[in-house]
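Undergrad: Have a look; sequence and predicted model below, questions after that.
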Amino acid sequence: MRILLHRADGVTEPWVRDFAELLPEAEVVVWQEGASIAPCNYAVLWMPPEGLLAELAHVKAIFLTGAGADAILKYGDALPPVPIIRLGDAGMAIQMAEYVSHYVLRYFRRLDEYEKQARSGTWAQLPQHSKEDFSVGVMGMGVLGMRTIEALLPFGFPVRGWSRTARQVDGVQCFSGADGLDEFLSGTRVLVCMLPLTPDTANLLDRARLSKLPQGAYLINVARGAHVAEPDLLALVRSGHIARAALDVFRNEPLPAPHPFWDEPRITITPHISALTIRTESIRQMAGKIRSLENGEPVADVVDRTRGY
C-alpha cells in the first residue's frame, strides 16, 4: 500500500514517522513538484497545489488533514471520482469550544475594556452586561458547532443556532435557511461563525447581514476568512455598530502587514490557531479508515461534493 503525502507547510517528516508507527503496512511517499511518482493507493493532503492533481488518478480515496474541504473542492471536476474524507473531531472540537468560550466570556465581562483601563492607570468598575440580553448565536451546527454550543450552555447565556437545514436542540433556539437568517441575526449579541465555506456561504457576512445584528454586537470568526466581507466588517467596527471582533481566519493568510485590521484595536487577530490539527490523533483516525476501506467497510466523514462539506 502506498500513500501520497502533501502538506502546504512542508512539514512532512513527523507525519511520515507517525504513519510508519500507526500504519506500518503503508509506504508513505512525499509529493515533490516535478518528481516522478509511482501510482499511490491513497492520498493524504493539506491545501494541495494544482500540479499535484495528476498524481491522484489512481487513488482509492483522498484524506484531508483538516475539517474543511474548500481547499480541494475548488478544483471541481479535475478531481477523480473517489471519496474525499475529512478529519472527524480529532481533538479540534474542544479547542474551538475553548477559543469561542474565551472570547464570549471576555466580551461579557468587558475584559478588553478593563485591560485598556489598566494600561492607562484607570481604576473604575464598568456597568455589567445583562446575561439575559447577551445572546450567543452560532452559525453552523455540525460537530464543531455543536461542541461549542454544549460548552456555552452551562454559562447560562441564551444560545441560538443557525444551520442550512432545520435542527432541534434542547436549550437552543434554532433557526434555519435563508428565511430564518434575518431573525437569527437580529436577536444575536455575539455572532460565532463556524460554517463550512461553500459557494452559498462565501461573503455571507457582508454589510447588509452584519447590520442586522443589534447595535454593539460582537463577532467571532473561527471558520474561514472568506465568509466575511472584510471592508464591510471594518466599516461597521469603526462606526461602533460592531463593538469588537475576534478573527482567527482571513482571506489571505498570513494576514498581510499593511492590512487595516492590524491597526484597529477593536479587532483581535490570532493566526489560525482556534483548532490546531493534533497529528498523532489525526493519523490514528486516518489509519483506521484506510484499514476499513481496505476491508470493504464504510467510513464516516465523507465529503458531500454537492454541499461542499
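TA: All right, it came through fine.
Undergrad: Contacts only, for the residue nearest the centre of the chain.
TA: Compute the mean C-alpha point of the chain, and by CA atoms, centre = their mean the closest residue is A223, 3.1 Å away. Applying CB atoms under 8 Å, 6 or more residues apart in numbering, we find A223 in contact with M139, G140, C193, M194, L195, P196, L197, V249. Quick note: C-beta positions are derived from backbone N, CA and C, even for glycine.
Undergrad: and the nearest residue to D89 once chain neighbours are set aside, what pLDDT?
TA: Ranked by CB to CB, 6 or more residues apart in numbering and with sequence neighbours excluded, the top spatial neighbour of D89 is V143, at 5.8 Å. On the pLDDT scale, V143 is placed at 93.
Undergrad: what does stretch 63-76 contact?
TA: 7, 42-48, 50, 53, 62, 79, 84-87, 92, 143-144, 196-198, 224, 275, 277, 282, 286, 289-290, 303, 305, 308-309.
Undergrad: Now do the buried residues in that stretch.
TA: F63, L64, T65, G66, A67, G68, A69, D70, A71, I72, L73 (16 or more other CB atoms under 10 Å).
Undergrad: Quick check: PyMOL command selecting the buried ones in the contacts of stretch 63-76.
TA: Buried residues among these (16+ other CB under 10 Å), as a PyMOL selection:
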select buried, resi 7+42+43+44+45+46+48+62+79+84+85+86+87+92+143+144+196+197+198+224+275+277+282+286+289+290+303+308+309
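Undergrad: Could you list which of the contacts of stretch 63-76 belong to helices?
TA: Among these, the ones falling in helices (DSSP state H) are M92, V143, L144, S282, M286, K289, I290.
Undergrad: is it true that V100 touches I220?
TA: Yes - between V100 and I220 there is a contact under CB atoms under 8 Å: 5.7 Å.
Undergrad: ok so, going back, give me the buried entries from the contacts of A223.
TA: Buried members of the contacts of A223, counted by 16+ other CB under 10 Å: M139, G140, C193, M194, L195, P196, L197, V249.
Undergrad: out of those residues, who's nearest R17?
TA: Nearest to R17 out of the buried ones among the contacts of A223 is V249 (CB to CB; 29.0 Å).
Undergrad: element containing the closest one, please.
TA: Under DSSP states H and E, no helix or strand contains V249.
Undergrad: Next, find the distance separating it from V228.
TA: Using CB to CB, to the nearest Å, one obtains 9 Å as the distance from V249 to V228.
Undergrad: what touches both of those two?
TA: Shared contacts of V249 and V228 (CB under 8 Å, 6+ apart): N221.
Undergrad: Which parts of this structure are strands?
TA: Along the chain, the stretches classed as strands by DSSP state E are 2-7, 27-30, 42-46, 61-64, 84-85, 136-139, 159-163, 172-176, 190-193, 217-221, 242-247, 267-269.
Undergrad: Make a markdown table out of these and add mean pLDDT.
TA: Shown next, in a markdown table, are the strands of the chain (pLDDT from 0 to 100):
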| stretch | mean pLDDT |
| --- | --- |
| strand 2-7 | 98 |
| strand 27-30 | 98 |
| strand 42-46 | 98 |
| strand 61-64 | 98 |
| strand 84-85 | 98 |
| strand 136-139 | 98 |
| strand 159-163 | 98 |
| strand 172-176 | 98 |
| strand 190-193 | 99 |
| strand 217-221 | 98 |
| strand 242-247 | 98 |
| strand 267-269 | 98 |
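Undergrad: could I get the ones you listed as CSV with distance to E297?
TA: Output for those, formatted as CSV (distance: least, CB to CB, whole Å):
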stretch, distance to E297
strand 2-7, 18
strand 27-30, 22
strand 42-46, 15
strand 61-64, 12
strand 84-85, 13
strand 136-139, 33
strand 159-163, 29
strand 172-176, 33
strand 190-193, 35
strand 217-221, 37
strand 242-247, 40
strand 267-269, 43
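Undergrad: Looking at the buried residues of stretch 63-76, which one is closest to D170?
TA: Nearest member of the buried residues of stretch 63-76 to D170, counting by CB to CB, is A67, at 24.5 Å.
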